[in-house]
Every structure is written in C-alpha cells, then in structure tokens.
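Novice: Pasting the sequence and the predicted model now:
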Amino acid sequence: MNAYYSTLSGWLIPVTRAMKSFDIDPVDTLERFCISPSEVNDPEGRVCVQSLGNLFAYCNNKVGSRAYNIEVAKSFHPSVLHALGYAVQSAYSLQEALERCAQYKRVVSNCCNMYAFEEGEDDFVADLEVYRYADSGRQVLTPHMIEAFLATLVQVSRDIVGHDFKPIKIQYNFEPIGTDCEVVSEFFDCPIEYGCDRNAVVMDVEVAKSQAYGSNPVMNQMHLDMLNKFMCRVDKSNISFQIESRIVEELPLGAPSQADVAKQLGLSLRNLQRKLNDQGTCYKELLDNTRKRLTMNYIRQPHMSISEIGYLVGFSNVANFNRAFKRWEGCAPGEYRHRYLSSNTLAETCRH
C-alpha cells in the first residue's frame, strides 16, 4: 500500500489565483478533484498530493500549455509556507533561505527531500529529490508540479536578491512535457535540461551568498523559533526539532547537557542517542549548529555586544566564544561584524 502523501494547504492560494488568471472557476475545480475550498483558510491543513497532481494536469490542459505552472509560481506569497515563508524572506542571503527550505521541507510536504549545497567553485544548487510510489516507481509529484515548484524557487530567489536574477540552468529528471512553451522559457531565462539525474535549480554561488534585500536578523530569529515550535507539532517523529527548541530555551543559562535534555523530553540518554543516530546526527552537532545559527543572527544586530552574544549562546567566557566563532567563520566576531556593517551600508546605498 502506498503512503499518504500530502502538502501544505497554503499551496491552494497560488493554485487558485493562477486559475482565476486563466478564467478557470476555482471552487468548481477544487471540488472536481475532491479538495474542499475551505482548506484555503486552514494555514496548517494538508492536501492530498495525488488530487493536486490531477488538478495541475486539468488546469494545464484547459490553458493549453505549461503557462499555468508558471502562473502558480508568480502567484506565490510567503504565507503559503506558514512561518517558513517569512523565515525565508528575512534570511541573510539566498543561500541561507534555500538552506532553511531544505531543513524545514517537512513544513511544505512529505513528498520529497530538498538539498541546498555548493557544487564546485561557481555553482549553488537547490536539488529536489522526489519520492516514488512503492508499487509503480512513479514520482509522487507530477512533472507539472515539479516545474511549478522549481519555478516558485526561482520566483522566491528574485524576490530575495532582485528581479534580474536568473539561474544558470534548470534540470529535470523527466522528458519534455508536450511542446515547447514560450512562457516557460521566458520565465526561467536560462537553459532547461531534460532527462537529467535530478530536479534542480543551479545558480551562481556568489549571487546566492550575497546579502538579501529583506535581511532582518531580529525577525528571522522570531520566525525560526516559530518554525521549530510548529515542527514539534507536525513532525513528532523528528526529535531534532524538539531538542533544538530545548537548547534555545536553556542556552542563556549555559549549554544544556545531553542528559538534561533527555530528561526534559522524558527519554533515557541511550534512547535519545539512538533516535538522533537514526536521523544521522548527534547531540553535539545539534548544539553546535544551534549556537551558530543564533550567533549569526545576533552578530548582525549592532546593539548587541560581543560578550553579550557569547553568554546568550551558552559560552562561559568570551575567549571560548571567540574560538568557536573563528571555527565557524574563519575570523573573529568583531571582524565579521565590521565587514557585515560595511557591506550592509554599501548594499543600502546601491539600492537607493
């Protein structure tokens, strides 16, 4: 028997907006595929992916081209992805935004994994690994849905770093869908490759690393805290989010021990270690990553002193914090802040 695959009901917002753009009745169409129109009003609801895939096929057929997939991307709004959408918008860079999408992909769907990584010296890749049905081997997401999602990643990238953003290339692991579509070609404005071994957006690594227009460390931290609480509710099988939430709460009083966190979660130390090992991580890695994430948000807030940041992320003295920061970023925290503030001033000047 196949698993039940679903996606966040927020996707119905751009899906129905795109329908209206092509004079397709949203209510009738949703009901045709057994999707309740009221799901649009439930920010934490889930929609059956198979039904949504059938809806995409219907809409593309009505439009007569793949322009519908692109219109869904153009109709995207951050609220579609719950708190993740706003965390993406307030991220320091496009790279950080895409890494957040990969880390919290379970917010969006249980149909795929997403990876965001540097490839070689020049490329940064957002790679969508779509799951397959056990009985047929068919991808859970249809080619139309995959195209709409990759187009959405491109649309989000343009919102983050500028509307002149264009990928190096788009890659699909399926063959072309029907005939060429001018709307698709104009939207991506880059080579589109089919029959590849992945579904991916490939972009310039320097563009991905540059500071985003909407970078806001204070808001970003708030959204990430909301995300972790949300993930603790919707993905109880992934204990990492629960542990990270505990670490964030305890760090200002000093780094909590693994044994303390296990006790707070009602687990034995051995059981907690086993669960983390099953997820391919360990407590030390989670603690270090959480400290780094918090530190990078704090260091970009000029009103916070270096020593204050060190204590907030659980270091007993500034020297230990400085050593950890140098391991993370290759320079002292004061040096990083100076570079950040200088580049920020330059970025603001360029924007105006």
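Specialist: Happy to help now that I have it. Residues are numbered from 1 along each chain as shown.
Novice: contacting residues for Ala151?
Specialist: 69-70, 72-73, 184, 187-188 (CB atoms under 8 Å, 6 or more residues apart in numbering). For the C-beta atoms, the positions are set from N, CA and C on the backbone; glycine is no exception.
Novice: secondary structure element for it?
Specialist: Secondary structure from DSSP states H and E places Ala151 in helix 143-161.
Novice: Now do the buried residues in that helix.
Specialist: Neighbour counts over helix 143-161 (16 or more other CB atoms under 10 Å) mark 143-157, 159-161 as buried.
Novice: same deal with stretch 231-248?
Specialist: 231-232, 235, 239-248.
Novice: Using CSV, write out the CA atom coordinates for the helix holding Ala151.
Specialist: Coordinates of each C-alpha in helix 143-161 appear next as CSV, following Å, rounded to 0.1, in the frame of the first residue of the first chain:
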residue,chain,number,x,y,z
PRO,A,143,6.2,16.8,-13.8
HIS,A,144,3.8,19.8,-13.9
MET,A,145,4.1,20.1,-10.1
ILE,A,146,7.8,19.8,-10.1
GLU,A,147,8.1,22.5,-12.7
ALA,A,148,5.7,24.7,-10.7
PHE,A,149,7.8,24.2,-7.6
LEU,A,150,11.2,24.9,-9.3
ALA,A,151,9.6,28.0,-10.8
THR,A,152,8.5,29.0,-7.4
LEU,A,153,12.1,28.7,-6.1
VAL,A,154,13.2,31.0,-8.9
GLN,A,155,10.4,33.5,-8.1
VAL,A,156,11.4,33.5,-4.5
SER,A,157,15.0,34.0,-5.4
ARG,A,158,14.1,37.0,-7.5
ASP,A,159,12.1,38.4,-4.5
ILE,A,160,15.2,37.9,-2.3
VAL,A,161,18.1,39.1,-4.4
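Novice: Quick one: name whatever helix or strand follows that helix.
Specialist: strand 169-171.
Novice: you'd agree Phe174 is up against Tyr194?
Specialist: Yes. When contacts are counted by CB atoms under 8 Å, Phe174 is listed as touching Tyr194 (6.7 Å).
Novice: Quickly list the domain ranges of the chain.
Specialist: According to automatic domain parsing, the chain comprises the domains 6-209, 236-351.
Novice: measure the longest one end to end?
Specialist: With CA to CA, to the nearest Å as the measure, the first residue of domain 6-209 is 32 Å from its last.
Novice: so how far is the helix holding Ala151 from its chain's centroid?
Specialist: In terms of CA atoms, centre = their mean, to the nearest Å, the centre of helix 143-161 is found 12 Å from the chain centre.
Novice: One more: stretch 34-47?
Specialist: With CA atoms, centre = their mean as the basis, the distance from the averaged C-alpha position of stretch 34-47 to the chain average is 21 Å.
Novice: Using neighbour counts, pick out the buried residues of it.
Specialist: Under the neighbour-count criterion of 16+ other CB under 10 Å, stretch 34-47 has 35, 39-40, 46-47 buried.
Novice: show me what contacts Asp28?
Specialist: Asp28 is in contact with no residue at all, counting by CB under 8 Å, 6+ apart.
Novice: Am I right that it sits in a helix?
Specialist: Yes. For Asp28, which was evaluated using DSSP: H, G, I helix; E, B strand; the rest coil, the result is membership in a helix.
Novice: Tell me where the stretch 151-300 of the chain has helices.
Specialist: 182-188, 205-209, 217-234, 239-250, 258-264, 269-278, 283-299 (DSSP state H, counting those that start in this stretch).
Novice: Stretch 99-108 - what's its average pLDDT?
Specialist: Rounded to a whole number, the mean pLDDT of stretch 99-108 is 86.
Novice: Sorry, slip of the keys, the one I care about is stretch 29-39.
Specialist: When pLDDT is averaged along stretch 29-39, the result is 91.
Novice: Render the CA-only coordinates of that stretch in PDB, please.
Specialist: The C-alpha atoms that make up stretch 29-39 are tabulated as PDB, following Å, rounded to 0.1, in the frame of the first residue of the first chain:
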ATOM      1  CA  THR A  29     -12.300  22.800 -10.000                       C
ATOM      2  CA  LEU A  30     -11.200  22.100  -6.400                       C
ATOM      3  CA  GLU A  31     -14.400  20.200  -5.800                       C
ATOM      4  CA  ARG A  32     -14.000  18.300  -9.000                       C
ATOM      5  CA  PHE A  33     -10.800  16.800  -7.500                       C
ATOM      6  CA  CYS A  34     -12.200  16.300  -4.000                       C
ATOM      7  CA  ILE A  35     -10.400  19.200  -2.500                       C
ATOM      8  CA  SER A  36     -12.500  21.300  -0.100                       C
ATOM      9  CA  PRO A  37     -12.300  25.100  -1.000                       C
ATOM     10  CA  SER A  38     -12.400  25.700   2.800                       C
ATOM     11  CA  GLU A  39      -8.800  24.200   3.000                       C
END
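Novice: Would you mind listing the outside residues contacting the helix or strand where Lys326 lies?
Specialist: Assigned by DSSP H and E, Lys326 belongs to helix 318-329. Counting contacts by CB under 8 Å, 6+ apart, the residues outside helix 318-329 that touch it are 288, 291-292, 295, 299, 306-307, 309-310, 313, 315, 331-333, 336.
Novice: now do stretch 53-69
Specialist: Surrounding stretch 53-69, the residues in contact under the criterion CB under 8 Å, 6+ apart are 15, 18-19, 22, 24, 29-30, 32-33, 35, 141-142, 144-145, 147-148, 151, 177-178, 181, 183-184.
Novice: Among those residues, name the buried ones.
Specialist: The neighbour-count test (16+ other CB under 10 Å) marks 15, 18-19, 24, 29-30, 33, 35, 141-142, 144-145, 147-148, 151, 177, 181, 184 as buried among those.
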